[in-house]
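Peer 1: Give me coordinates for this.
(one chain, ligands or ions: 1)
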Amino acid sequence: MSVVGRQMSRSHSTAHHHRQYSDNFIDASKWLQSSSQDFGYGSKMNRSLQSNPSTPPVCSRSSSLRNVGDGHVSPGLFDLHSFDTELLPRVQDGSGYEGYSFDQRRSSRGRSFDESEPNLLAGKVGSRSTKRLPESSLLKSFSGSVDKERANNVAKIKVVVRKRPLNRKEMGKKEGDIITTEPNSNAITVHETKMKVDLTEYMEKHEFVFDSVLDEGVSNDEVYAETVQPVVPLIFQRTKATCFAYGQTGSGKTYTMQPLPIKASQDILRLMIHTYRNQGFQLFVSFFEIYGGKLFDLINDRKKLCMREDGKQQVCIVGLQEYKVFDVETIRELIERGNATRSTGTTGANEESSRSHAILQLVIKRSADGSESKPARMVGKLSFIDLAGSERGADTTDNDKQTRMEGAEINKSLLALKECIRALDSDQGHIPFRGSKLTEVLRDSFVGNSRTVMISCISPGSGSCEHTLNTLRYADRYEEHFKTK
Ligand SMILES: Nc1ncnc2c1ncn2[C@@H]1O[C@H](COP(=O)(O)OP(=O)(O)OP(=O)(O)O)[C@@H](O)[C@H]1O
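Peer 2: Numbering: from 1, shown residues only. Sure, this is the predicted structure:
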C-alpha cells in the first residue's frame, strides 16, 4: 500500500500517561447537546438565523428555488456540486495581517472566542500544555507561495488514533488498560489475553503504526492541532477536506468531534478577517444526518432530504438548509440546535444517534470577483463526520428487523468508506463512492483536491479488546505485527 502522506513525526509526545478517570468525563452528550429546545437566541442569533436562514439568493443558481412547507421538494438550497469550483479564479494572496484583533472585535459583544473554550472542553482536564498554533503564525504562514508549499506538505490522508481514559464503568468491572503507547512514537500496542487449548493464558501483542497516536492525556485542543488545523488554510485554496471519527459506541467519537467545527470556524473566520480581508469570502454551515440510509436536516426540524444526481453525475442534497454565518457564536448555536434535533428527534434518544452518521459542513464561498452582488460559488469545504458506532454494523443478527436493517446499512456505509479511503490512499483513479449513501454524499470530498483525516477512537478496557482491534484494523494503512509471550 502506498505511504502517501505518511507522517511519522509527532508534534508532541505520548509519554505522559496522566490518566484521567471518569470523574473528569462530561456526560456522554451528543455534539454540544443542549437539554433545551429553546436556545434563547439573542438578537444576534435571530438576525443570523432569520435573516440568513439559507444560502442567500445571490449565492446559488438553485437557491431561489426554496423547499416549500407543503412537502414539495424543489431544487436544493444546498447543492454540493452546483458551485463549480473550477470556474473560480484562484484567490489573491492574503492582504496581510494588519494587527487587527478579531478577539478584540468579538469582545465588544462581551464574549471572546477563548472564553467559550471551557464550555466545549468541559470535563476534560488537559494534562498537557496546550499546543495550539499561535494566531499570528496561523495567519502569517498562509499567504502567497507559503500557501502552496503548505498545501503540498499536508498529507492527503492522515490517520490518527485517539485512546480515551478508562471510565468508571470499566474500572468498576476491574477491566485493565490493554493499550500501550510509546513516547515519541506513532506505534500503539494492544495486549490481548488469549487462552491455549490447555486453558493456560497467554498474551498476544498487536502492534500498529499510524500517522499519529494520541493517548488519554491529550486534550481536545491538541487533537485539533494535530488533525484539522493544518487543513483549514487549504480550504481557501479550493480544497475539500473531511474529518471522520470512527470507533465503537462509547469510544469518544462525539467527545472528539464536538469541538472541532467550532475551533475550525474560529480559524476560518480569523483567516477571512485577517489574511483574506475584503476578498469576499463567505462562510456557510449545514448539518444533517444519515440514518437508515435516509438524510435528515438537523438544523431544519429534521426535514427529510433527498439526494439526486444531476446530468453531470454530480450529487445534490435537495432542500438542505445552509446558513450564512459571521461569527462563532452563531455556529455554536446552530450546532446545538442540530444536536438537540439529533437526539430528541422522532427517532429517539442517544441510543439512536450512535446508529446515524452526523455530517456538519463548513463551506467557504466567493463570487468570481469577490463582490456580494454576484453569485458566490464554493471555494472549499470542510466536513466533519461523527460516524455511527462501528459495532452497530454487526447488528445484522439482531432479532428486530429494523435494527438488522440499520446494522446492514451501517455496515455497508463503513465498508464503502473504507474502500474509498483505501482507493484515495493508493491513488487509484476509480473511487467507489457509489457503495453507500454516505460515500455518495461525500463524493465531491473524494475527488480532486481533497484531504482526509480519520480519527479512530478506541476504548482502553480489556472488555473492548475485540472492538478496539477491529477499529485499529479498519484504520490500518500499514502492517499489523503480532507477538506472543
Ligand atoms: N478523551 C476523553 N477524555 C475524557 N472523557 C472522554 C474521552 N473520550 C470520551 N470520553 C467520555 O466517554 C463517554 C463516551 O464518549 P462519546 O459519547 O464521545 O462516545 P461515542 O463514540 O460518540 O459514542 P456513540 O457512538 O454512542 O455516539 C462520554 O462520557 C465522554 O465524555
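Peer 1: Tell me how many other residues surround residue 427.
Peer 2: Residues contacting residue 427 under the criterion other CB atoms under 10 Å number 9. Quick note: C-beta positions are derived from backbone N, CA and C, even for glycine.
Peer 1: how close does it sit to residue 449?
Peer 2: Note on residue 427: its distance to residue 449, by CB to CB, to the nearest Å, is 14 Å.
Peer 1: ditto for residue 361
Peer 2: For residue 361, the distance to residue 449 equals 16 Å [CB to CB].
Peer 1: Those two: which has the busier surroundings?
Peer 2: Of the pair residue 361 and residue 449, residue 361 is the one with more neighbours under other CB under 10 Å, namely 25 against 15.
Peer 1: Spell out which residues of the stretch 201-350 of the chain are next to the ligand.
Peer 2: Within the stretch 201-350 of the chain, the positions adjacent to the ligand are 247, 249, 250, 251, 252, 253, 254, 255 by CB under 6 Å from any ligand atom.
Peer 1: Report the spatially closest residue to residue 388, excluding sequence-adjacent ones.
Peer 2: Nearest in space to residue 388, with sequence neighbours left out and distances taken as CB to CB, 6 or more residues apart in numbering, is residue 410 at 4.7 Å.
Peer 1: Which helix or strand contains the nearest residue to residue 451 once chain neighbours are set aside?
Peer 2: Spatially, and ignoring its direct neighbours in sequence, residue 451 is nearest to residue 241 (4.1 Å; CB to CB, 6+ apart). Using DSSP states H and E, residue 241 sits within strand 240-246.
Peer 1: outside of that strand, which residues touch it?
Peer 2: For strand 240-246, contacts defined as CB atoms under 8 Å, 6 or more residues apart in numbering pick out 227-228, 231, 234-235, 252-254, 256-257, 260, 380-387, 390, 414, 417, 442, 444-445, 448-457, 471, 474-475.
Peer 1: Residue 189 versus residue 163, what's the distance?
Peer 2: Distance from residue 163 to residue 189, counting by CB to CB: 11 Å.
Peer 1: do residue 314 as well
Peer 2: Residue 314 sits 44 Å away from residue 189, going by CB to CB.
Peer 1: Helices of the stretch 351-485 of the chain, start to end?
Peer 2: Assigned by DSSP state H, counting those that start in this stretch, the stretch 351-485 of the chain shows helices spanning 401-425, 437-441, 443-446, 465-475.
Peer 1: what's the third one packed up against?
Peer 2: Applying 3 or more CB pairs under 8 Å, 6 or more residues apart in numbering; DSSP states H and E, one finds that helix 443-446 makes contact with strand 240-246, strand 376-386, helix 401-425.
Peer 1: got the ones you listed as CSV, with distance to residue 277 columns?
Peer 2: Shown next, in CSV, are the helices and strands packed on helix 443-446 (distance: least, CB to CB, whole Å):
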stretch, distance to residue 277
strand 240-246, 22
strand 376-386, 15
helix 401-425, 34
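Peer 1: Which of these sits closest to residue 270?
Peer 2: Closest of the helices and strands packed on helix 443-446 to residue 270 is strand 376-386, at 14.3 Å (criterion: CB to CB).
Peer 1: Dump the closest one to CSV, keeping only the CA atoms.
Peer 2: These are the backbone C-alpha positions of strand 376-386, laid out as CSV (Å, rounded to 0.1, in the frame of the first residue of the first chain):
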residue,chain,number,x,y,z
ALA,A,376,-21.0,33.1,-4.8
ARG,A,377,-19.6,29.7,-5.6
MET,A,378,-18.0,27.1,-3.4
VAL,A,379,-14.2,27.6,-3.0
GLY,A,380,-13.6,24.9,-0.4
LYS,A,381,-15.3,22.8,2.2
LEU,A,382,-14.6,21.2,5.5
SER,A,383,-16.8,18.2,6.5
PHE,A,384,-16.9,16.7,10.0
ILE,A,385,-18.5,13.3,10.3
ASP,A,386,-19.4,11.7,13.6
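Peer 1: what is the rounded mean pLDDT of that strand?
Peer 2: For strand 376-386, mean pLDDT rounds to 93.
Peer 1: Neighbouring strands of it in the sheet, and parallel or not?
Peer 2: Using DSSP bridges, the strands paired with strand 376-386 are strand 240-246 (parallel), strand 356-367 (antiparallel).
Peer 1: ok now do the residue of the stretch 301-450 of the chain found nearest the ligand, which residues does it touch?
Peer 2: The ligand sits closest to residue 354 of the stretch 301-450 of the chain, with a gap of 3.2 Å, by CB to the nearest ligand atom. Contacts of residue 354 were listed using CB under 8 Å, 6+ apart, and they are 249, 388, 389, 392.
Peer 1: same question, residue 210
Peer 2: Shown in contact with residue 210 (CB under 8 Å, 6+ apart): 159, 160, 161, 186, 188, 456, 475, 476, 477, 478.
Peer 1: Can you say which of the residues you listed are buried?
Peer 2: 159, 160, 161, 186, 188, 456, 475, 476, 477 (16 or more other CB atoms under 10 Å).
Peer 1: and the second one, what are its bridge partners?
Peer 2: Just to be clear, that refers to residue 160. Beta-bridge partners of residue 160, as defined by DSSP bridges: residue 212, residue 455.
Peer 1: how close does it sit to the ligand?
Peer 2: 13 Å (CB to the nearest ligand atom, to the nearest Å).
Peer 1: what's near enough to touch the residue nearest to residue 457 when sequence neighbours are not counted?
Peer 2: Nearest residue to residue 457 in three dimensions, chain neighbours excluded: residue 247, at 3.5 Å (CB to CB, 6+ apart). By CB under 8 Å, 6+ apart, residue 247 lies in contact with 253, 387, 389, 390, 456, 457, 458, 459, 467, 471.
Peer 1: re earlier: most neighbours of all the residues of the stretch 201-350 of the chain next to the ligand, which one?
Peer 2: With neighbours defined as other CB under 10 Å, the most crowded of these is residue 247; it has 30 neighbours.
Peer 1: Quick check on it: phi, psi?
Peer 2: Main-chain torsions, residue 247, degrees, to the nearest 10: phi 160, psi 170.
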